[in-house]
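Trainee: Here is the input, now give the coordinates:
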Amino acid sequence: MAEAEQGSTVKVHYTGKLQDGTVFDTSKNIEPIQFVVGSGEIITGFEQAVVGMAAGDNKTVTIPCGEAYGPKREDLVAEVKRGELPPDMTLSVGQKLQIGDQESGVIVVSVVDMNEDIVKLDANHPLAGEDLVFDIELLEVL
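Mentor: Next up, the predicted model:
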């Protein structure tokens, strides 16, 4: 049976969890994902985890944040004066906003804190700074 290697196209089912067991994503009830190993389509640690697996293999791996979404960066957290935002904008903690311009493009930020004067926005990926645990089932090496 063929093993996955760099350049292989693979189909997998996965369940992604935080260290405390909280599931943040799964493909179990939807279509499996398909990707080319080494193409950079998915996080590095996940790609490396499937190398050497064959169809039917199952594996649980812990991927450190550096091989996932990176460490949480404080330079991606900013405080904005409430007056700099549209006056009719209703905000809540946890809300996602799209901001940007033609030069920098559009990025998604989360409202992480706010008061009457200041809104604190975070542009880090929601899983930045987290070590991730994946249950991986390799379905097929194409």
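Trainee: contacts, neighbours, all on C-alpha from now
Mentor: Noted.
Trainee: Which residue ranges of this protein form strands?
Mentor: 9-18, 23-26, 33-36, 58-63, 77-81, 96-101, 105-114, 118-122, 132-141 (DSSP state E).
Trainee: For the fifth one, buried residues please.
Mentor: Taking 16 or more other CA atoms under 10 Å as the neighbour-count basis, strand 77-81 is seen to contain the buried residues 77, 78.
Trainee: Over to the third one?
Mentor: For strand 33-36, a neighbour-count test (16+ other CA under 10 Å) marks 34, 35, 36 as buried.
Trainee: tally of neighbours for the closest residue to residue 109 other than its chain neighbours?
Mentor: With sequence-adjacent residues excluded and distances taken as CA to CA, 6 or more residues apart in numbering, residue 109 is closest to residue 123, at 4.4 Å. Counted by other CA atoms under 10 Å, the residues lying close to residue 123 total 21.
Trainee: need the contact list for residue 102.
Mentor: For residue 102, the contact set (CA atoms under 8 Å, 6 or more residues apart in numbering) is empty.
Trainee: tell me the pLDDT at it?
Mentor: Per-residue pLDDT puts residue 102 at 75.
Trainee: Torsion angles phi and psi at it?
Mentor: Main-chain torsions, residue 102, degrees, to the nearest 10: phi -70, psi -30.
Trainee: tell me the angle the helix or strand of the chain with the lowest mean pLDDT makes with strand 118-122.
Mentor: One helix or strand of the chain scores below all others by mean pLDDT, DSSP states H and E: strand 96-101, with a mean of 86. If you take axes from the mean of the first three to the mean of the last three CA atoms, to 10 degrees, strand 96-101 sits at 90 degrees to strand 118-122.
Trainee: got the contact list for strand 96-101?
Mentor: Contacts for strand 96-101 (CA under 8 Å, 6+ apart): 106, 107, 108, 109, 110, 111.
Trainee: The buried residues of strand 33-36 into CSV, with extra columns for pLDDT and distance to residue 136?
Mentor: Output for the buried residues of strand 33-36, formatted as CSV (pLDDT from 0 to 100; distance: CA to CA, whole Å):
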residue, pLDDT, distance to residue 136
34, 98, 13
35, 97, 14
36, 98, 15
